[in-house]
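K.L.:
Fold the following and give me the result.
(4 chains)
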Number of protein chains: 2
Amino acid sequence: MPRVVDHESRKNDIAGALWRLAERDGIAAVSVRNVAKELGHSPSSLRHYFSTQAELMEFALASLLDSARVRLENRVASYARGGDDVAWLSELFKEGLPLDGRRSAEVEVWMALHRHDRDGGVLSQAMGREWRESQQLCRFAVTSLADGAPRADVRDALDDRLELESTLLHTFWDGLTLDASSRPSVFTPSLIDELLTTYLCQLDARVRNRA
Amino acid sequence: MPRVVDHESRKNDIAGALWRLAERDGIAAVSVRNVAKELGHSPSSLRHYFSTQAELMEFALASLLDSARVRLENRVASYARGGDDVAWLSELFKEGLPLDGRRSAEVEVWMALHRHDRDGGVLSQAMGREWRESQQLCRFAVTSLADGAPRADVRDALDDRLELESTLLHTFWDGLTLDASSRPSVFTPSLIDELLTTYLCQLDARVRNRA
DNA sequence: ATTTATTTCGTACAACTGTACTAAAAAGAG
DNA sequence: CTCTTTTTAGTACAGTTGTACGAAATAAAT
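P.N.:
Numbering: from 1, shown residues only, chains lettered A, B, ... in the order given. Alright, predicted model coming up:
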């Protein structure tokens, strides 16, 4: 038998090199050749694990969205009833905002992907799933404020009033992500915190104790 | 003297061909050669009016932002005191949303430009100006609801409370633009109208008669 | 009609891109 | 050590891109 390498971990190495490159030189610099150079290998060796560039991008995108989802889910799992919900939710939503180099790169990719969202391909499906999961997170937040604890059925749409509030929050969150990414000089961490906290307080005032 | 052509109108023709191409084939298809083909001329003739691709893009972007600004300003100029402010403002903000082919192309470009926002170049400055003008529009809306008529000094920041409300509205508007552009199947015109109207009503309830 | 400056075009070059094909290197099994 | 299969590397091709250069076409002025 010949030399055998762990395909899965090798693919992860390649995806890691891709995102390192994207973070340093911008997404426009992501080409098969540049990723190979970043990894220190020849372009042909990449082709042994990803036969086409689209396959590479799909895998790398999936791993990016996965890591972001895991971060968010871990935070959600640590929810404790009875605390300051507005402050806690503020930290939760900040987890998805571009507040350091790594998350800035994530958001840059997220924004770039939005443009390809209409082609119906694998990338489009992944973005659709991302949107639905974010919507569930917003339902989690809205029901937490409304009931004092999150509901378990956030996978399905809520009643009209709370579902609308969830979509409003989601839209606001997307806008905050966009502005924080593209205008960091205006949207400082303290302004981001102020905006997020204010919105959640106003939302809390609208929905609390009316379930 | 040789044949003379109006340079300014020729440049506008070229910019028009560029946006026609971007709307039909996507921004990625915008290259010097493709714009020339769209116009029916040779690539070299473009170079006679724009010596570099960056010059072409800067001019085309400026003309795009100008036309959008004119549309918005015309609407603002037609404001009449005493009507249904929420409904009127809703139509105003919808003017900037991707509700037809042309505005969808505009928003697609607007989103693409956000990624280059950190390079400090001419494009970055144009986007900075765009953000400031949008912020003024949000101050216009907030003061209209608060006072029953827009204030004249929207060029400067308002007091803390209303400035924060303006930035919140701006952020929400940006998010709505993003989502409407990238998820048209979810963000139908009727949902967009519902979200916008709801947000403006909530804003109205917060700021009205408290100036 | 000739001159002349402006506007267009054709060609060409160097740098990229994704991908295909073939040869070399590497390492476990016999 | 030898074989064999996986993994890497090298080379090459066709396509794209921005840009440069020089020659043709054009139309107004004389």
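K.L.:
Determine the number of other residues adjacent to the nearest residue to residue A:183 once chain neighbours are set aside.
P.N.:
Once flanking residues are discounted, residue A:183 sits nearest to residue B:131: 6.1 Å by Cβ to Cβ, 6 or more residues apart in numbering or on different chains. Quick note: C-beta positions are derived from backbone N, CA and C, even for glycine. Other residues within reach of residue B:131, judged by other Cβ atoms under 10 Å in any protein chain shown, total 18.
K.L.:
Over to residue A:48: give its phi and psi.
P.N.:
Main-chain dihedrals, residue A:48, degrees, to the nearest 10: phi -80, psi -20.
K.L.:
picking up where we left off before, can you tell me which helix or strand the residue nearest to residue A:183 belongs to?
P.N.:
Following DSSP states H and E, one finds residue B:131 within helix B:122-147.
K.L.:
Could you list every helix and strand in contact with that helix?
P.N.:
Helix B:122-147 sits against helix B:53-77, helix B:85-94, helix B:101-115, helix B:160-182, helix B:189-207, with contacts defined as 3 or more Cβ pairs under 8 Å, 6 or more residues apart in numbering or on different chains; DSSP states H and E.
K.L.:
For the first one, what is the distance to the chain centroid?
P.N.:
Here helix B:53-77 shows a centroid-to-chain-centroid distance of 8 Å under the convention Cα atoms, centre = their mean, to the nearest Å.
K.L.:
Next: stretch A:21-31.
P.N.:
18 Å.
K.L.:
Is that stretch in proximity to chain B?
P.N.:
Yes. Applying Cβ under 8 Å from any Cβ of the partner chain, one finds stretch A:21-31 touching chain B at A:26-27.
K.L.:
and that stretch, which residues are buried?
P.N.:
A:21-23, A:26-27, A:30 (16 or more other Cβ atoms under 10 Å in any protein chain shown).
K.L.:
Name the nearest residue to the most centrally placed residue in chain A, ignoring sequence neighbours.
P.N.:
Closest to where the C-alpha atoms of chain A average out (Cα atoms, centre = their mean) is residue A:68, at 5.0 Å. The shortest distance from residue A:68 to any non-neighbouring residue, by Cβ to Cβ, 6+ apart, is to residue A:106 (6.0 Å).
K.L.:
In contact with that neighbour, which residues?
P.N.:
For residue A:106, the contacting residues are A:64, A:68, A:98, by Cβ atoms under 8 Å, 6 or more residues apart in numbering or on different chains.
K.L.:
again with residue A:122
P.N.:
A:54, A:58.
K.L.:
and if we set it to 7 Å?
P.N.:
By Cβ atoms under 7 Å, 6 or more residues apart in numbering or on different chains, the contact set of residue A:122 is residue A:58.
K.L.:
Could you show which parts of chain A are in contact with chain B?
P.N.:
Residues of chain A found near chain B (Cβ under 7 Å from any Cβ of the partner chain) are A:108, A:111-112, A:114-115, A:117, A:131, A:164, A:167-168, A:171-172, A:174-176, A:178-179, A:182-183, A:194-195, A:198-199.
K.L.:
Does residue A:107 touch residue A:96 like I think?
P.N.:
No. Taking contacts as Cβ atoms under 7 Å, residue A:107 lies outside contact range of residue A:96: 8.3 Å.
K.L.:
overlap in contacts of those two?
P.N.:
Common neighbours of residue A:107 and residue A:96 (Cβ under 7 Å, 6+ apart) are residue A:177.
K.L.:
and residue A:179, how far is that from DNA strand D?
P.N.:
29 Å (Cβ to the nearest atom of the strand, to the nearest Å).
K.L.:
Give me the pLDDT for the nearest residue to that residue once chain neighbours are set aside.
P.N.:
Spatial nearest neighbour of residue A:179, excluding adjacent residues (Cβ to Cβ, 6+ apart): residue A:187 at 5.1 Å. Confidence at residue A:187, expressed as pLDDT, is 97.
K.L.:
Could you single out the most deeply buried of the helices and strands packed on helix B:122-147?
P.N.:
Each of the helices and strands packed on helix B:122-147 was scored by mean neighbour count; the highest is helix B:160-182, a mean of 22, by mean count of other Cβ atoms under 10 Å in any protein chain shown.
K.L.:
Kindly calculate the angle that that helix makes with helix B:189-207.
P.N.:
Helix B:160-182 and helix B:189-207 meet at an angle of 170 degrees, taking axes from the mean of the first three to the mean of the last three Cα atoms, to 10 degrees as the criterion.
K.L.:
so what secondary structure elements neighbour helix B:160-182?
P.N.:
helix A:160-182, helix A:189-207, helix B:101-115, helix B:122-147, helix B:189-207 (3 or more Cβ pairs under 7 Å, 6 or more residues apart in numbering or on different chains; DSSP states H and E).
K.L.:
tell me what the second one is packed against?
P.N.:
When you say that, I think you mean helix A:189-207. Counting contacts by 3+ Cβ pairs under 7 Å, 6+ apart, helix A:189-207 is packed against helix A:85-94, helix A:122-147, helix A:160-182, helix B:160-182.
K.L.:
quick one: which of the ones you listed is nearest residue A:10?
P.N.:
helix A:122-147 (20.8 Å; Cβ to Cβ).
K.L.:
Pull out the buried positions in the closest one.
P.N.:
Of the residues in helix A:122-147, those buried (16+ other Cβ under 10 Å) are A:123, A:126-127, A:130-131, A:134-146.
K.L.:
quick check: mean pLDDT across it?
P.N.:
95.
K.L.:
For chain A, which element, helix or strand, carries the lowest mean pLDDT?
P.N.:
Ranked by mean pLDDT, DSSP states H and E, the helix or strand of chain A with the weakest confidence is helix A:101-115, at a mean of 87.
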